Structures are given as C-alpha cells and as structure tokens.
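J.: Coordinates for the following, if possible.
(one chain, ligands or ions: 1)
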Amino acid sequence: MTGLVADTSEHRLIRQSTAAIAARYGHAYYSGRAREGGHIAELWADLGQAGLLGVHLPEQYGGGGAGLAELTVVTEELAAHGLPLLIAVISPAICGSILAAHASPEMKASWLPGLADGTRRMAFALTEPDAGSNSHNVSTTARRDGLGWVITGGKYYISAADECEALLLVARDGGPEGGLSLFVVPTDAPGLTLKPIPTALVSPDRQFTVFLDDVEVGEDALIGAAGQGFRQVFAGLNPERILAAALCNGVGRYAIAKAAEYARQRKVWSEPIGAHQGIAHPLAQAHVGVELARLATARAAELFDSGQDAAEAANIAKLAAADAALAALDQAIQTHGGNGLALEYGLADLWFVTRLMRTAPVSREMVLNYLATHSLGLPPSYEGSHGRDIST
Ligand SMILES: Cc1cc2nc3c(=O)[nH]c(=O)nc-3n(C[C@H](O)[C@H](O)[C@H](O)COP(=O)(O)OP(=O)(O)OC[C@H]3O[C@@H](n4cnc5c(N)ncnc54)[C@H](O)[C@@H]3O)c2cc1C
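T.: Numbers count the residues shown, from 1 in each chain. The predicted structure follows:
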C-alpha cells in the first residue's frame, strides 16, 4: 500500500488475512444482506475463526494479545472492501475493551473467548432519548434487590441489539452518590424488548430502541465496581473513537480506489476523465485527507496501546476521518457521474453509514467541545463539561 502509514510485518499479515476474507464477500454481500434484512453471520464466523476479531484481547482469554493498532487494521481493511461493519466497532472494540479492562476474571473467562472467536456478540447501550450527548443524565436505573439487580428504563439507537446475546448497559445505580454502573444484560431477559428504528442507513446492523421493564439480573451481571460506570465506560470510548476512525478510513480508501479506477477507464472525450484536473485534483485532495486521518488514527492507537493519554488523538482522528471519508465518498460519487447514484456501483448506498460517523459514536460538536476545552484551554460552554467530550 502507498500512503503515510507503514505497516509493520505483523500488520501486513493481519491486513492480508482480513483482505483475503473480505474479498470473498465484498460490498454486494454487505448491501444485499442489508436490504434483505439479514445479517453477516458467515463473514463474522470466518473473521472469528481467523483470530481477527480478538487480535487486541488478552491471550489468556482467547485473544491475540496485540493491541488496538492491530484491530484498526482489521476494521479499516474490511471497510476498504466495502464492508463497514458497525458491529466490528461495537462488540470487539467497545465491549471487549471495557470487559478486558474492568470485568472480573470469571466474567472475562465467560465472555472474552466468545467475543474473540466471533461465537458471541455484545451490543453497547449508553444513549437515552432524554440524556442524548449528556451521558451524565442517564436515567435508566438499577436497584439492588436481594442477590441481584432490577433494571428499569430505556435506551435508543442501540446498534445490532438483535444480533447480540447481551447488552453492555450503562445504568444509574441509585447508590448514595447516584453513580453509574455497567451491567451485562441478556437480550432475551424477561422485561427487555427491542423495537427497530427505521433509518436511512444501508447496513446489516440495525438500530433499536430498548425498553427495560423491571429486568432482573444477578449480582454477577455487574461489571467491576458499582458506581464506577462512568470511569469504566471510558475504557471503551477511546477504542470506539479510534475504531470508528478506522472504519471511515477504510470507506475513504474504498471510495477513492473505485473512483480512480473509473476515472482511468471512462472516456467521454479524447482522454479518460481522470486526465481532467477537475476530476483528478479533488480525488488527490481526498487522498490527502484520508491519509492524514489514517496517520492520526495510527497515532491514537499507538498512544492507547502504550498506556498513554489517547483522548485528544482519538478525538482528532475520529473527526478528521469522518470528514475525510465523507469528502472522499462524495467525490467518488461525483466522479462516476450518473452511475455514482446507481446501486450497482456500490457508492451511494454507503452514504448514510458514512454520514453517521459525524454524529456517532460521539458527535462532531462534542469532539470540538473536548478539543476546545482540553486542548485549547477555552472555557466550557455548558455546566459539568462531563458529557461525551471527556475521555480517559
Ligand atoms: C445509526 C446510529 C447508531 C448508534 N449506535 C449507538 C449504540 O450502539 N449505542 C449507543 O449507546 N448509542 C448509539 N447511537 C447514539 C449516538 O451516540 C447519539 O446519537 C449521539 O451521541 C448524539 O446524541 P443524540 O442523538 O441524543 O443527540 P443530542 O445530544 O440531542 O444532540 C443533538 C445535536 O446537538 C449537538 N449538541 C449537543 N450538546 C452540545 C453541546 N454541549 N455543544 C454543542 N453541540 C451540542 C449535538 O452534537 C448534535 O448535533 C447511535 C446513533 C445512531 C444515529
């Protein structure tokens, strides 16, 4: 590969094995499954069996013992083959990272091997209709009851909840400090219901409102210590941002590669359209944006893996990657003329999944809030300043 990020020999191997699997499926498989309402079970199983979903998880629990840098290679390469899987960001990256950092040895032994080999999946349930970006206002409550907990409340926009065995759920624990706690809640628990949210996204991972009506879970459903949920959830926020950036970088590469190929072939005057600077320059500019975002993403993963503060880099990478991917996709569509809008060319149907990355997992504005207050020392515009703008 050309570009600003040089793969280590290990990264090259991971990239090659991801690419070999991804190429067997391709974008048509992804969009076909998305339109039929199906999932990507076979692809997930192949990735799991190849050890690619748990590259960053501890070896002791069935993972590869590497880091987030290696997982970004997997996620980027999948997206670069037209397979931008939200579940890849959610189950291994957010849930896997939080469990690896904070779960008890029993919970790790129960969950991590399955997350790593793809046989088990977990969704992440933080967002609530009333709290939105201000995660401190989460109002789903968990109260102690006998030997366990009873959870009541609701979440929305919970991706892939129907594909997952459990939710990693953030709830207010009702303790004296009104802290937040994290729970692993089975999706088939009595009292838990899922309602699909129709969206414009073309993705095999669908969105759900989750209703929790006196859902009973045991004490062993609690992750780490009660009341420490906010601190613990941060173990997953930087990985989430870094992996979202990696997904965007893959989409950017996919779009530019398709556009360059089309521009080399398509001839409506004496030369291929790629010879016109009106086509060539915006694509070259899009390449600059995507490569800079890849560099920022690699740097953020490197900081995270070495135990340093990765928050600023993760936020920068996520914002830059989302903008670069969307610019690249837009230019790729433009390069294809009318065909850019045809489903056959596999570009237009990626629009909303890519556009989503400006809004989730953390919005552009909340990233800029973080950078304004933490990097530039500007005064916060709202009380608390402890929403999703903060991080580990
Ligand atoms: C397709 C999809 C999948 C998702 N998947 C998941 C998931 O799996 N799990 C999960 O927990 N959540 C998920 N989300 C939720 C997502 O994280 C939120 O939508 C996002 O964080 C924004 O929250 P909100 O929608 O409530 O918007 P709001 O918080 O209501 O914000 C509305 C607008 O106001 C801006 N805004 C808010 N506060 C400020 C401020 N202080 N300064 C400046 N601007 C501000 C926001 O940036 C945004 O532009 C998903 C969302 C979507 C659309």
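
J.: Helix or strand: which one has whichever residue of the chain sits closest to the ligand?
T.: Scanning the chain for the residue nearest the ligand gives residue 132, at 2.7 Å (criterion: Cβ to the nearest ligand atom). (Each C-beta comes from the backbone N, C-alpha and C, glycine too.) According to DSSP states H and E, residue 132 maps onto no helix or strand at all.

J.: since we're on it, how many residues are nearby?
T.: If you count neighbours by other Cβ atoms under 10 Å, residue 132 ends up with 14.

J.: so what's residue 372 closest to, chain neighbours aside?
T.: residue 378 (4.5 Å; Cβ to Cβ, 6 or more residues apart in numbering).

J.: quick one, strands of the stretch 1-150 of the chain?
T.: With DSSP state E, counting those that start in this stretch, the ranges of strands along the stretch 1-150 of the chain come out as 122-125, 141-145, 148-159.

J.: Flag every buried residue along the one helix or strand residue 301 maps to.
T.: Per DSSP H and E: residue 301 is located in helix 277-305. Using 16 or more other Cβ atoms under 10 Å as the test for burial, helix 277-305 gives 279, 282-283, 286-287, 289-305.

J.: Could I get the average pLDDT for it?
T.: Mean per-residue pLDDT for helix 277-305: 98.

J.: what element comes up after it heading to the C-terminus?
T.: helix 311-335.

J.: If you compare the directions of that next one and helix 277-305, what angle comes out?
T.: 160 degrees (axes from the mean of the first three to the mean of the last three Cα atoms, to 10 degrees).

J.: who's in contact with the helix or strand following helix 311-335?
T.: Per DSSP H and E, helix 311-335 leads on to helix 351-355 as the next helix or strand towards the C-terminus. For helix 351-355, the external contacting residues (Cβ atoms under 8 Å, 6 or more residues apart in numbering) are 84, 86, 199-203, 248, 251, 322, 325-326, 329, 333.

J.: Sort out which residues of helix 351-355 are buried, please.
T.: 351, 353, 354, 355.

J.: For it, give the mean pLDDT please.
T.: So the average pLDDT for helix 351-355 ends up being 98.

J.: and that helix, does that touch the ligand?
T.: No - judged by Cβ under 6 Å from any ligand atom, helix 351-355 and the ligand are separated, with a smallest distance of 8.1 Å.

J.: Now the phi/psi pair for the residue of the chain closest to the ligand, please.
T.: Dihedral pair for residue 132: phi 50, psi -130, per degrees, to the nearest 10.

J.: Give me the pLDDT value at it.
T.: pLDDT, read off for residue 132, is 92.
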